[in-house]
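# Here's a sequence, model it:
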Amino acid sequence: MSASASDPFNFDFTPVDEALRDDQRWSTWNTVERGARGPLPRPGWVVTDDSAVDTELGVLKTGKEADVFLLDRTSAHDARRTSVLAAKRYRSTEHRTFHRSAAYTDGRRTRNTRDARALARSTAHGRAVAAGQWAAAEWQALCSLWSAGVPVPYPVQIDGVELLMEYVSVDGAAAPRLAQTRPDPRLRDIWFGQLREAMGVLARRQIAHGDLSPYNILAADERLVIIDWPQVVDIVGNPRGLEMLQRDCTNVCTWFRARGADVDEHELFGDLVAQAW
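Residues are numbered from 1 along each chain as shown. The predicted structure follows:
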């Protein structure tokens, strides 16, 4: 825009087309509070422009508690400022499969007594609260673990029951799950070393993934990335915490042993428990 010399307040504005398609929205980055944005230092690919537009690219994964969509976030003023994100959206009032959450959330508390009653009675409001709690639990886990160096997707932001995070890919395509891979012995051993180290970081924080398996570990070349964290378990405060840690160890070691690795779930479990205490 520019102002004439005779009238400095007479600006010529260049109109901006604010019409968006049905599969688009303006970026929600600046509509969420600071605590709902990813931890520092942020990766360079995170788009924080006010002018950015989010475009839906399709469904990446459907699940029992949430669906994951692909989202392109691009600056309207600089097309080079762009990134593809994974948008995980937890289902709320219409969803009725949060029954298994009790085993994982034992020890978690809500300060709102109305919410607590609704959760206990599994009302429509209670299911909405449950969805928000699971989204918040995953968000908090991702932020904490990413900052600690655990191989998790970078958490970009959370807005209600929608969690935006790093899209883990290989040559532009979604990274395969560990269960889909057939690594050679060298790569297999590199991967197991990464998982053992990551599980050790968790143990020292006295937590466990709680549902770790080859189906929620992504293989991005030599880098493994652990996903799906809403059920993260306090292995000290939860009466079933050690049982769930043992199950994580069994799931991981069973897969690697079937591919020729000399690993033992009991040895891994003992090592992690020793680190926890």
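# Skipping its backbone neighbours, what lies nearest residue 196 in space?
residue 268 (6.7 Å; Cβ to Cβ, 6 or more residues apart in numbering). Every residue, glycine included, has its C-beta placed from N, CA and C.
# Spit out the contact partners of the one you found.
Applying Cβ atoms under 8 Å, 6 or more residues apart in numbering, we find residue 268 in contact with 196, 199, 249, 252-253.
# low-confidence ranges in the stretch 1-150 of the chain?
For the stretch 1-150 of the chain, applying pLDDT under 70 flags the ranges 1-18, 93-131.
# For residue 170, give me phi and psi.
In this entry, residue 170 is assigned phi and psi values of phi -130, psi 110 (degrees, to the nearest 10).
# Please verify my assumption that it contacts residue 223.
No: using Cβ atoms under 8 Å, residue 170 makes no contact with residue 223, being 9.6 Å away.
# And the strands in the protein?
Ranges of strands in the chain, per DSSP state E, are 2-3, 11-12, 24-26, 52-62, 66-75, 82-90, 155-159, 162-166, 169-170, 173-174, 207-208, 217-220, 223-226, 233-234.
# Of all those, which one comes closest to residue 191?
strand 223-226 (5.4 Å; Cβ to Cβ).
# Please enumerate residues in contact with the closest one?
With Cβ under 8 Å, 6+ apart, strand 223-226 has contacts from 150-153, 168, 175, 178, 191, 194-195, 198, 209, 212, 216-218.
# let's see it at 10 Å
142, 145, 150-154, 166, 168, 170, 175, 178, 181, 190-195, 198-199, 202, 209, 212, 216-219 (Cβ atoms under 10 Å, 6 or more residues apart in numbering).
# Got a ChimeraX select line for the buried ones in those residues?
Here is the ChimeraX command that selects the buried residues among these (16 or more other Cβ atoms under 10 Å):
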select :142,145,150,151,152,153,154,166,168,175,178,181,191,192,194,195,198,199,202,209,212,216,217,218,219
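# how close does residue 216 get to residue 52?
Applying Cβ to Cβ, to the nearest Å, the value for residue 216 to residue 52 is 29 Å.
# sorry, back to before: in helices, which of the contacts of strand 223-226 appear?
Assignment to helices by DSSP state H places the following of those there: 142, 145, 190-195, 198-199, 202.
# would you turn these into JSON lines with distance to residue 136?
Shown next, in JSON lines, are the ones in helices among the contacts of strand 223-226 (distance: Cβ to Cβ, whole Å):
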{"residue": "142", "distance to residue 136": "11"}
{"residue": "145", "distance to residue 136": "15"}
{"residue": "190", "distance to residue 136": "34"}
{"residue": "191", "distance to residue 136": "30"}
{"residue": "192", "distance to residue 136": "32"}
{"residue": "193", "distance to residue 136": "32"}
{"residue": "194", "distance to residue 136": "27"}
{"residue": "195", "distance to residue 136": "26"}
{"residue": "198", "distance to residue 136": "22"}
{"residue": "199", "distance to residue 136": "23"}
{"residue": "202", "distance to residue 136": "19"}
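# hang on, the earlier thing: right, and the pair among the contacts of residue 268 with maximum separation?
Of all pairs drawn from the contacts of residue 268, the widest gap by Cβ to Cβ lies between 199 and 253 and measures 10.8 Å.
# Nothing else from me, thank you.
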